[in-house]
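**Student:** Make a model of this:
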Amino acid sequence: MNRGLRSVKMSGSSIFGVSWLCPAVALMLGPYDSASAAEPAGLAAEGTDVKAEAVAFLREYYKELSKLEREMNLAWWRAANTGTKEAYEASAQARLALRRFHSDPERYRKIQQLLQARNKLPRIVARALRLAELEHKPNQLPAELLKEMVERSTEIERLFSTFRAELEGKKYSNNDLLEMLRNEKRPERRQRIWAALKQVGGVVAP
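**Tutor:** Here you go, the predicted structure:
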């Protein structure tokens, strides 16, 4: 098991994600009439409530996003703690599902359309839309390319997590070596520990 796990930035989406902003949006805006969530003809249409449209959009977006992020984070946690190939495959599937969700070109265009009226929106709503745009932008790629990117990055992550370097006839995890390097005072042994930390490069190299 890889100890001392930290929050990491993954390609396209970060661990713990952006769905934390959804409660803040709902809290600030208060009760919302679902009848006003009907799709208007466009932002320029007479009588269009841009704020209501943006909030309705964000509520639907966060509803799905929160489920996908939770599944991805739990799968990542299981993979990082068990190190099994099966757990990492499940983590890759959950990560890919989130990236495919953010690859929707229609939703991306909708976000850009709503952002054109950002001056009419509360700052937190405009900020939520901007974050949604940033999540969608790097995922506007062919489905097969997204799949390949996720599979490769997950495999590299698995190799880093499960690799054990050899030092003085024993096997050590990356965290073990970092702890040793932190406490070791002798320059010669510090150099050997540092070199052991670099052994993983030969495993993940193309």
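**Student:** what's the neighbour count on S91?
**Tutor:** By other C-beta atoms under 10 Å, the residues close to S91 number 25. For the C-beta atoms, the positions are set from N, CA and C on the backbone; glycine is no exception.
**Student:** Apologies, that question was intended for L74.
**Tutor:** Neighbourhood size, L74 [other C-beta under 10 Å]: 13.
**Student:** so which helix or strand takes in it?
**Tutor:** Per DSSP states H and E, L74 falls inside helix 50-82.
**Student:** Work out the gap between that helix and the centre of the chain.
**Tutor:** 10 Å (C-alpha atoms, centre = their mean, to the nearest Å).
**Student:** Over to stretch 89-97?
**Tutor:** In terms of C-alpha atoms, centre = their mean, the centre of stretch 89-97 is set 11 Å apart from its chain centre.
**Student:** Stretch 178-186 too?
**Tutor:** Computed by C-alpha atoms, centre = their mean, the chain-centroid distance of stretch 178-186 equals 32 Å.
**Student:** and K171, what helix or strand is that in?
**Tutor:** Element membership for K171, per DSSP H and E: strand 170-172.
**Student:** actually Q93, not the one I wrote
**Tutor:** Q93 is part of helix 85-101, with elements assigned from DSSP H and E.
**Student:** What are the buried residues along that helix?
**Tutor:** Residues of helix 85-101 classed as buried: 87-96, 98-101 (neighbour count, 16 or more other C-beta atoms under 10 Å).
**Student:** from these, which is closest to G169?
**Tutor:** Nearest to G169 among the buried residues of helix 85-101, counting by C-beta to C-beta, is Y88 at 28.9 Å.
**Student:** in this protein, which spans are helices?
**Tutor:** In the chain, the helices defined using DSSP state H lie at 21-29, 50-82, 85-101, 105-115, 123-136, 143-162, 174-183, 187-197, 200-204.
**Student:** Now render these as TSV, adding mean pLDDT and distance to E168.
**Tutor:** Formatted as TSV, these follow (pLDDT from 0 to 100; distance: least, C-beta to C-beta, whole Å):
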stretch	mean pLDDT	distance to E168
helix 21-29	53	49
helix 50-82	95	27
helix 85-101	97	29
helix 105-115	97	53
helix 123-136	96	46
helix 143-162	94	21
helix 174-183	94	10
helix 187-197	96	7
helix 200-204	89	17
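**Student:** Could you break this protein into its assigned domains?
**Tutor:** Using automatic domain parsing, the domains assigned to the chain come out as 9-161, 163-204.
**Student:** For the strand holding K171, enumerate the helices and strands it packs against.
**Tutor:** Applying 3 or more C-beta pairs under 8 Å, 6 or more residues apart in numbering; DSSP states H and E, one finds that strand 170-172 contacts strand 165-167.
**Student:** can you do 6 Å?
**Tutor:** Helices and strands touching strand 170-172, as assessed by 3 or more C-beta pairs under 6 Å, 6 or more residues apart in numbering; DSSP states H and E, are absent.
**Student:** and it, which residues are buried?
**Tutor:** By neighbour count with 16+ other C-beta under 10 Å, strand 170-172 contains the buried residues Y172.
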